[in-house]
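Asker: could you look at this predicted model? Sequence included:
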Amino acid sequence: MNQANIRIKVGDEVEGRTKAVTLERMRAFSGWPNKNIHTDEETARSCGLPSPIASATMYMGYVTELLLNSFGEAWIEGGRLELAFVKIVAAGDELRARGKVVGEDEGGVKLEVWCENQRGEPVAAGTAWGPA
């Protein structure tokens, strides 16, 4: 059950808040003043990227936040997440984590989860299992 004691069931959809991705946030997340593809223009370009890109674990955190908000502390104790990163995220993008419950058994629920950009394109996608 989630924090509000509302049972999440097959067909339910959940979504997080929209998050603005900025170079400042990317740098804070990725250890500025260390120069890497997540924090520095020159380093990113030297690796063939058009600009610094957000660390995938940054938006994995957005999906995890969605699951924690949906299941409360039970998520920490019994949730599971498998996520693939499918598109580059750069400063200026806006991201929102989303999910849809697609299965259920005595152990909990199965969700398709993803994080999408402002164009509705998935940047990460996968499966999560939430505790009953």
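Answerer: Great, that's in hand.
Asker: I'd like the next helix or strand past the lowest-mean-pLDDT helix or strand in the chain.
Answerer: When the helices and strands of the chain are scored by mean pLDDT, DSSP states H and E, helix 73-78 comes last with a mean of 91. Following helix 73-78 in sequence order, the next helix or strand is strand 80-85 (DSSP states H and E).
Asker: can you give me the buried ones in that following strand?
Answerer: Within strand 80-85, the residues that count as buried by 16 or more other C-beta atoms under 10 Å are Leu81, Leu83, Phe85. All C-beta atoms are positioned from the backbone trio N, CA, C, and that covers glycine.
Asker: let me have those residues in a markdown table, extended by pLDDT and distance to Trp32.
Answerer: Below are the buried residues of strand 80-85 laid out as a markdown table (pLDDT from 0 to 100; distance: C-beta to C-beta, whole Å):
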| residue | pLDDT | distance to Trp32 |
| --- | --- | --- |
| Leu81 | 97 | 27 |
| Leu83 | 97 | 25 |
| Phe85 | 97 | 21 |
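Asker: from those residues, which single one is nearest Phe71?
Answerer: Closest approach to Phe71 among the buried residues of strand 80-85 (C-beta to C-beta): Leu81, at 11.3 Å.
Asker: excluding its backbone neighbours, what's nearest that closest one?
Answerer: Ala128 (4.7 Å; C-beta to C-beta, 6 or more residues apart in numbering).
Asker: chain center to the top strand by length along the chain: distance?
Answerer: Secondary structure of the chain read by DSSP state E shows that its longest strand is strand 94-105. Relative to the chain's own centre, strand 94-105 is displaced by 11 Å; criterion: C-alpha atoms, centre = their mean, to the nearest Å.
Asker: so how far is Glu24 from the closest residue to Glu116 other than its chain neighbours?
Answerer: Nearest non-adjacent residue to Glu116, counting by C-beta to C-beta, 6+ apart: Pro122, 5.3 Å away. From Pro122 across to Glu24, the span is 25 Å (C-beta to C-beta, to the nearest Å).
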